[in-house]
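K.L.:
from the sequence below, what's the structure:
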Amino acid sequence: MKRGSPTGIFAVLAAAFLWGTTGTAATFAPSVGPLAMGAAALGIGGILQAAIAAPSFRRERPALSSQRGTVLAGAAAVLIYPLAFYSSMHLAGVAVGTVVSLGSAPIASGLLERVIERRRLSGWWMLAAALGITGSAVLCAAKMHDAPSETLPTVAGVILGLVAGATYAMYSWSAHRLMNRGVGRAAAMGAVFGLGGIALMPVLMLTGAPLIASAQPMMVGLYMALVPMFLGYLLFGYGLTRVTPSGATTLTLAEPAIAALLAVVIVGERLPAIGWAGLAGICASLLVLLLAPATQARAAEPSRSSELPIGQEV
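P.N.:
Residues are numbered from 1 along each chain as shown. Here you go, the predicted structure:
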């Protein structure tokens, strides 16, 4: 496997850019609620992931059957994640909702490993958690200070962002566990995302009428499902064959930066200086998690689970 191939780097950055556009794209369909948008994006995208993985399901069926609990846990997280993520952006704004959701996911992953796998949390992780929590608090306070009338929606949005980060960590852990136990990457991702996508279909049927009410919201929904969710994951998978896992994960830090920038430039959201300081704290938290010696040492160990992206939202 090549390390740092230009085509691999480009593919990962392209995926991160596509993922970073989801919040801004959703604002072009204001009549569509966050539940409908989330269900359409990851529901349809997840089913498409399962469709391209279908050839591998037959040969992987015994392994998947023996790990059905892990598959169901991951699928449940896929069901909850987009509903929490898009609701977080709807309530707290694109920049705050995206950054809190993405910034909390690595911290949630560490806690999950500590509780389930009994891994000791390092001092570097503690520092990263402190930076991330402080950054989120500052970001929330800045938003509420700038618009006091939005205090309750902002707090609710931040809480939902933390739920999104936790469920992202859960479905990532589930797919990692499947691959560590002998399930191929395509089958693991297809099973978790496919079942989650199917579970999202009733939500889409109940809330999705505005998506087909006119051409613009329909195009936004199709864009979300086909481009960031489907194409984005294909690009990331391609990039992982040409970039080391730690390098690819570092490159995906472009996503929250892109999301925040688009929210300010295109959507017209405003963050005071202290808000940008909060964003910087969350980015510093992610950098510590990715670049700390213990993190690098774990990333260097060869394993099939390293094929799964850590730190992306759909």
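K.L.:
what's downstream of the host helix or strand of residue 192, the next helix or strand?
P.N.:
Assigned by DSSP states H and E, residue 192 belongs to helix 185-207. Next in sequence after helix 185-207, counting helices and strands by DSSP H and E, comes helix 215-224.
K.L.:
okay, buried residues for that next one please.
P.N.:
Across helix 215-224, burial judged by 16 or more other Cβ atoms under 10 Å covers 217, 218, 220, 221, 223, 224. Every residue, glycine included, has its C-beta placed from N, CA and C.
K.L.:
from the chain's centroid, how far away is that helix?
P.N.:
Centroid separation between helix 215-224 and its chain, computed with Cα atoms, centre = their mean, to the nearest Å, is 20 Å.
K.L.:
list the contacts of residue 93.
P.N.:
143, 154, 157, 263, 269 (Cβ atoms under 8 Å, 6 or more residues apart in numbering).
K.L.:
now, those residues that are in strands?
P.N.:
Applying DSSP state E to the contacts of residue 93, no entry is found in strands.
K.L.:
whichever of those residues end up buried, select them in PyMOL.
P.N.:
Buried members of these, defined by 16+ other Cβ under 10 Å, are picked up in PyMOL with:
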select buried, resi 143+154+157+263+269
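K.L.:
take the contacts of residue 93 and lay them out in a markdown table including pLDDT.
P.N.:
Formatted as a markdown table, those follow (pLDDT from 0 to 100):
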| residue | pLDDT |
| --- | --- |
| 143 | 63 |
| 154 | 82 |
| 157 | 90 |
| 263 | 78 |
| 269 | 72 |
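K.L.:
quick check: the farthest pair among the contacts of residue 93?
P.N.:
154 and 263 (14.2 Å; Cβ to Cβ).
K.L.:
mind checking pLDDT for residue 116?
P.N.:
Residue 116 carries a pLDDT value of 80.
K.L.:
what's the distance between it and residue 73?
P.N.:
Relative to residue 73, residue 116 is positioned 10 Å away (Cβ to Cβ, to the nearest Å).
K.L.:
look at these two and report which has more neighbours.
P.N.:
Applying other Cβ atoms under 10 Å to residue 116 and residue 73 shows that residue 73 carries more neighbours, namely 17 against 11.
K.L.:
show the contacting residues for the more buried one.
P.N.:
Here residue 73 is in contact with 170, 174 (Cβ under 8 Å, 6+ apart).
K.L.:
identify each buried residue in the helix or strand hosting it, please.
P.N.:
Here residue 73, judged by DSSP H and E, is contained in helix 68-92. Using 16+ other Cβ under 10 Å as the test for burial, helix 68-92 gives 70-92.
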